[in-house]
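Undergrad: Show me how the following folds:
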Amino acid sequence: MSRRVVVVLIAVALVVAGVVLRSRTRRTPLHYTGFVEGEERVVRSEVAGRVVAVAFAEGEAVPAGAVLARLDDADIASQIRAKEQEIRVLEADIATQRERVPLIEATWKRELAAREADVRQAEAAADLAERTFARERDLVKRGASTAQELDDRRAARDQAASALARARSMLARTAAEERNITVARRELASLEEKRALALRQLEELNVTHAKYAIHAPAVPTVVQTQLIWPGELAQPGTPIAAVLDPKDKYVQIYVPVADRAEVRVGRRVEIELDSEPGRRVPGEVSFIADQANFTPEKIETRSDRLGQVYRAKVRILEGVERFQPGTEGDVYLVGGGA
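TA: Here you go, the predicted model:
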């Protein structure tokens, strides 16, 4: 076989191989390399205190709302006891004052009625003494009585008038004592306001006291990193532990600008981890960044534009618990999207 024939056959084989490879490449769906990530939640202290216990170590499962750590609450507990004692004293004072107010009011009404009766009696006595004095004066003018009798009647009249003035003064003083009822009611209202304030303060102390038990999120999680140990001092904002929701994981990929039209939110994909080759898990694009990453400050060439990518997140639809953060794999586009 001539050398020229061999060269022609080789060229034909290369062309056929290229066509086959290109056709297979075209049939291969778009895919992107990604890695599994999880949204870690850092649980922090809201109050200051010394750590007395950490309930869960790294890698341990934490039930929803469980206590991750406890701080020394001796000081706040003492304040709560003092405030509770203050409230008990106020409640006792309020009970006493509530009994005292109607007693003062009833006593005042009795005193007022008695003073009004005294005034009526004194008015009657003064009127009688005045009429008796007038009659005695007429008798003296007619010579039917003596000057001594007239002086006696005058003294009796003046004494009755003085008694009436004293009775009216006592009535006015007793009437003025009605303000004691008002004062007593104000004291009762003041005590009730103090109790209400103390109750609000106690409620605030109880809310603060509850923060000395540091709780995990309201979903089951796993401790990723323990950030504090017993004996250490925590301040407001001090991280206690980083936890991860086993179901709150996704695959992060970067989509070239040229593929942006193909990759959109809702597009169905298949995820194949490097640790499980050949096994694909369904997923869905849940997020695409509005702006491309790795953009040069100044784009001058086509290659610069092609170097831009969009960050995207793929939601895992099945077996999310098996995906470990940091694991790499491929994400394949399937179907026509949402």
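Undergrad: SS state for residue 224?
TA: Look at residue 224: counting by DSSP: H, G, I helix; E, B strand; the rest coil, its state is strand.
Undergrad: For it, which residues are in contact?
TA: 40, 58, 241, 242, 243, 244 (CB atoms under 8 Å, 6 or more residues apart in numbering). Bear in mind the C-beta positions are built from the backbone N, C-alpha and C, glycine included.
Undergrad: What average pLDDT does the host helix or strand of the first one get?
TA: So the one you mean is residue 40. Assigned by DSSP states H and E, residue 40 falls within strand 31-44. Averaged across strand 31-44, pLDDT comes to 87.
Undergrad: Does it pack against any helices or strands, and if so which?
TA: Using 3 or more CB pairs under 8 Å, 6 or more residues apart in numbering; DSSP states H and E, the elements in contact with strand 31-44 are strand 239-256, strand 328-333.
Undergrad: a markdown table for those, including mean pLDDT?
TA: A markdown table is the format used below for these (pLDDT from 0 to 100):
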| stretch | mean pLDDT |
| --- | --- |
| strand 239-256 | 88 |
| strand 328-333 | 90 |
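Undergrad: Relative to residue 93, which of these is closest?
TA: Proximity to residue 93 (CB to CB) singles out strand 239-256 among the helices and strands packed on strand 31-44, at 43.0 Å.
Undergrad: So which bits of that closest one are buried?
TA: Neighbour-count burial for strand 239-256 flags 240-246, 249-251, 253-256 (criterion: 16 or more other CB atoms under 10 Å).
Undergrad: Residue 142: which of the residues you listed is nearest?
TA: Nearest member of the buried residues of strand 239-256 to residue 142, counting by CB to CB, is residue 240, at 113.6 Å.
Undergrad: just checking, what packs against the one helix or strand residue 97 maps to?
TA: In this structure, residue 97 sits in helix 74-142 according to DSSP H and E. When contacts are defined as 3+ CB pairs under 8 Å, 6+ apart, helix 74-142 packs onto helix 147-176, helix 179-210.
Undergrad: Please repeat the previous calculation with a cut-off of 10 Å.
TA: Contacts defined by 3 or more CB pairs under 10 Å, 6 or more residues apart in numbering; DSSP states H and E place helix 74-142 against strand 49-54, helix 147-176, helix 179-210.
Undergrad: after the shortest one comes which helix or strand?
TA: It refers to strand 49-54. Taking DSSP H and E, what comes next after strand 49-54 is strand 61-62.
Undergrad: C-terminal to that next one, which secondary structure element comes first?
TA: From strand 61-62, the next helix or strand downstream (DSSP H and E) is strand 67-71.
Undergrad: For that next one, the averaged confidence score.
TA: On average, the pLDDT along strand 67-71 is 96.
Undergrad: who does it pair up with?
TA: strand 49-54 (antiparallel), strand 213-215 (antiparallel) (DSSP bridges).
Undergrad: So what's the gap between that strand and the chain middle?
TA: Distance of strand 67-71 from the chain centroid (CA atoms, centre = their mean, to the nearest Å) equals 19 Å.
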